[in-house]
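Visitor: I need the structure of the sequence given here:
(chains A and B)
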Number of protein chains: 2
Amino acid sequence: MAMTDLKERNEHALELLFASDPVLVDVRPAIDVLPGMTKDTVLTSGPPLPWREYTGGQRAGIIGGVRYEELAPTAGDAERLLDRGDVRVAGCHDFGCVGSVAGITTASMPVLVVEDAGSGGRGFCTLFEGAGPGRLNYGVYDDGVQRNLEHLAGVIGPLLGEAVRSVEGGIRLRPIMERALRQGDELHSRNTAASGLFLRALLPALLELDGPRARTLASYLTSDDYFFLRPSMAAAKSMADRMYAADGASIVTAMAFSCKEFGIRVAGLGPRWFRGPLPEYETAGFLPGRGRAEIEAIGGESLITEVCGLGAFAQAAAFPLQAYQGEPEAMVRRNLEMYEITAGEHPSFRIPFLGYRGTPAGIDVARVATTGITPALDVGLAGKGGGQIGAGSFRAPLRPFADAWDALSTIPAP
Amino acid sequence: MAMTDLKERNEHALELLFASDPVLVDVRPAIDVLPGMTKDTVLTSGPPLPWREYTGGQRAGIIGGVRYEELAPTAGDAERLLDRGDVRVAGCHDFGCVGSVAGITTASMPVLVVEDAGSGGRGFCTLFEGAGPGRLNYGVYDDGVQRNLEHLAGVIGPLLGEAVRSVEGGIRLRPIMERALRQGDELHSRNTAASGLFLRALLPALLELDGPRARTLASYLTSDDYFFLRPSMAAAKSMADRMYAADGASIVTAMAFSCKEFGIRVAGLGPRWFRGPLPEYETAGFLPGRGRAEIEAIGGESLITEVCGLGAFAQAAAFPLQAYQGEPEAMVRRNLEMYEITAGEHPSFRIPFLGYRGTPAGIDVARVATTGITPALDVGLAGKGGGQIGAGSFRAPLRPFADAWDALSTIPAP
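Guide: I've put the predicted structure just below:
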């Protein structure tokens, strides 16, 4: 394949990415909206593995998902169902959705429905579980987690869905994301401003609900500053997926990891995962009393934000993250380095400190393979035994990018 | 006066400033809460001048204030009342309040009542008039401005007051201000994040109002991103005023300008104004179609934010202002320069980009006089004939600081 052809194909991929207009249009149970979803399916993060290969917190999360759907009363029963294949474990990405950390997504869980206004393509993501340490997406399942998930499914999801549906045309997320980058967010590890801007956008709809229901929904939306990570992820999924239409392009369309592997997908190579070892630790900050020795990979697909020029690709917009990502100067250096491996600069995701330069966007496996520079990743850190213990900046492994570039170089041009 | 004494006195002033805890407790008509306010008083910005010396937009604003209070039906009648002294013109600062731009404050206008929880001292400021070009504080008075002011006095002020009073203990502003500095505000020329955070703090009270009234108040609070400038100013006034208790201190307690003069007050010198020429233009950005030739000084007291370590003293927290204040590097340099003339660093107003260093706080006239470095000032620019035409970074004149330092050096120590 000639390089000039590749350049054109990648430009086409970027045009699709940059033209995307993600709109939150609904909140619905996964079973109602995820193509191919069934009651006996548990979705989880990362390039899919056979059930028996999931370990630790991710395995615990999958078992928790089976129990939450009342497919089995105990963890032991759930494992037997999974062992027999009576419950299917699959990857979120294959169902149009992205998972946070372990990414457990089951039939009755409400998911954000984000639709790209231009293409009609959709991205989905479950709701933020709240700030407590006990969360299914961090591999914890107990009575408290169960009650919280039931509250999300029975109360918050329906209320939020009603409010969102009442907004004519839905809630456009791109303007919120653009503004949040001017307010200290990078929309992966920091979503503080975006969560406030979302609340503001929803306020007229909130005021149409009756008092008690409005207060319940407001209480959820203001309980923490992390609400917007999920709309950001679902938006990024809908944006990134547009790029599959760019035949032959070498631009990354997905990055994700399980407890075992990191993997990427590429526009010109369709749904095939290119796999490699887990990302490497570069710098991190920990919650009080927690430390590096406790880090356990239990999966994560919020890296879809990096795919779209956010997260670590916008670190210089989010100096408040310095406790996790290093000194401001290091954050700027890391952010600038990402321009070496991207095919373009985002036209409206812009970084104030860099003179409003567009974020580096469109990770090009050719550039990664050639330079050896791999994507920086802003990730939340899970601890052994469950729960979040901190956040940090990691680096993707080189192999999946090199393998994808090999694959793309050897297939006939479309 | 020995320098060691001065150091102690200034430390005392800073202790008072840093201990302040401004809380929005009410919104009331000025006549009800401003000490000494009368129906036939018009307050305006800057070191007070005889009525006849006010010119241009500030003079027009004062006349507009007289008409708004229905003391005179026409501009000509209002001027005659003012010429005869039947309406008193006075400085905002002498009534515990601060004025934005022309700073016109009259008896029936609602003012934010901010109380320092520690000292009980209060600061007041009128409400943001909205984003339209026709605003009394920019020297415009016509039917539209009158109707808008009536809406603020008759509807918004009472509603906001009711909501604020329903919050147990009032709304603490310092946490909002601290957070806003992490979200791209410097709380003078940029209040975007703080306005959103205020809305969030008020949300539970907003949801207690009945639907139509809640929608009216929400519509006002979300109509623009400038709402919080006024709470920020009233808070800064309550904080700065505490420092008068530091006898003999050389720390600035007020900076303000009229159409003619710039002036400062100093902790150890009480209510006396030290006056000098207007601030000088350093850099600015203009609204489309407007330019430097149109700048007209019509007054301003929002510089009270700089007195408290905000505004230009926190420019490196607000890179989104680069269209007005210059390139990010220039903003950082200017911000760092302010540490040369301040007596301390704020313990909780912190700048993410500077490694969370506290903002330079407590402008010391001794340091200004010695170094010749004068305070940078983030100001909104008024245009000839009324209306805002842009914003910029200015520099205070040296003379008032040198004169104040002379005065302080020659009086007997207390």
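
Visitor: Now do the strands in the stretch 101-250 of chain A.
Guide: Taking DSSP state E, counting those that start in this stretch as the criterion, the stretch 101-250 of chain A carries its strands at A:110-116, A:122-126, A:171-172.

Visitor: would you turn those strands into TSV with distance to chain B?
Guide: For the C-beta atoms, the positions are set from N, CA and C on the backbone; glycine is no exception. Shown next, in TSV, are those (distance: least, Cβ to the nearest Cβ, whole Å):
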stretch	distance to chain B
strand A:110-116	21
strand A:122-126	23
strand A:171-172	14
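
Visitor: and those strands as JSON lines, adding mean pLDDT and mean neighbour count?
Guide: What follows is these, written out as JSON lines (pLDDT from 0 to 100; neighbours: other Cβ atoms under 10 Å in any protein chain shown):
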{"stretch": "strand A:110-116", "mean pLDDT": "98", "mean neighbour count": "25"}
{"stretch": "strand A:122-126", "mean pLDDT": "98", "mean neighbour count": "27"}
{"stretch": "strand A:171-172", "mean pLDDT": "98", "mean neighbour count": "18"}
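
Visitor: just so I have it, where are all the helices in the stretch 101-250 of chain A?
Guide: Here the stretch 101-250 of chain A has its helices, by DSSP state H, counting those that start in this stretch, at A:143-151, A:157-165, A:173-180, A:192-206, A:211-221, A:229-241.

Visitor: Can you tell me which of those is most buried?
Guide: helix A:229-241 (a mean of 29; mean count of other Cβ atoms under 10 Å in any protein chain shown).

Visitor: Show me what that helix packs onto, helices and strands only.
Guide: For helix A:229-241, the elements it packs on are strand A:22-29, strand A:110-116, strand A:122-126, helix A:173-180, helix A:192-206, strand A:252-257, helix A:304-307, judged by 3 or more Cβ pairs under 8 Å, 6 or more residues apart in numbering or on different chains; DSSP states H and E.

Visitor: who touches it?
Guide: Residues from elsewhere that reach helix A:229-241 (Cβ atoms under 8 Å, 6 or more residues apart in numbering or on different chains): A:17, A:20, A:22, A:24, A:93, A:96-98, A:100, A:111-116, A:121-128, A:173-174, A:177, A:187-188, A:191, A:194, A:198, A:253-254, A:301-302, A:304-305, A:307-308, A:310.

Visitor: Setting the sequence-adjacent residues aside, check what's closest to A:G184.
Guide: Once flanking residues are discounted, A:G184 sits nearest to B:Q183: 4.6 Å by Cβ to Cβ, 6 or more residues apart in numbering or on different chains.

Visitor: Including mean pLDDT, could the helices of the stretch 101-250 of chain A go into CSV?
Guide: Output for these, formatted as CSV (pLDDT from 0 to 100):
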stretch, mean pLDDT
helix A:143-151, 96
helix A:157-165, 98
helix A:173-180, 98
helix A:192-206, 97
helix A:211-221, 95
helix A:229-241, 98
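
Visitor: isn't A:E162 right next to A:L209, touching?
Guide: Yes - using Cβ atoms under 8 Å, A:E162 is in contact with A:L209, at 7.3 Å.

Visitor: Can you give me the neighbour number for the nearest residue to A:Y356 once chain neighbours are set aside?
Guide: Nearest residue to A:Y356, sequence neighbours excluded (Cβ to Cβ, 6+ apart): A:R350, at 4.5 Å. Other residues near A:R350 come to 20 when the count uses other Cβ atoms under 10 Å in any protein chain shown.

Visitor: Equivalent analysis for A:P50, please.
Guide: Neighbour count for A:P50, taken as other Cβ under 10 Å: 8.

Visitor: next one: A:V42
Guide: Using other Cβ under 10 Å: A:V42 sits among 24 other residues.

Visitor: does the residue lying closest to it once chain neighbours are set aside count as helix, strand or coil?
Guide: In space, and not counting its chain neighbours, A:V42 is closest to A:G65: 4.2 Å by Cβ to Cβ, 6+ apart. Using DSSP: H, G, I helix; E, B strand; the rest coil, the three-state assignment for A:G65 comes out as helix.

Visitor: Give me the neighbour count for A:G65.
Guide: A:G65 has 28 nearby residues by other Cβ under 10 Å.

Visitor: Would you enumerate the residues in contact with it?
Guide: Contacts of A:G65 by Cβ under 8 Å, 6+ apart are A:42, A:44, A:104-106, A:136, A:141.

Visitor: Chain B: which of those is nearest?
Guide: A:L136 (27.2 Å; Cβ to the nearest Cβ).
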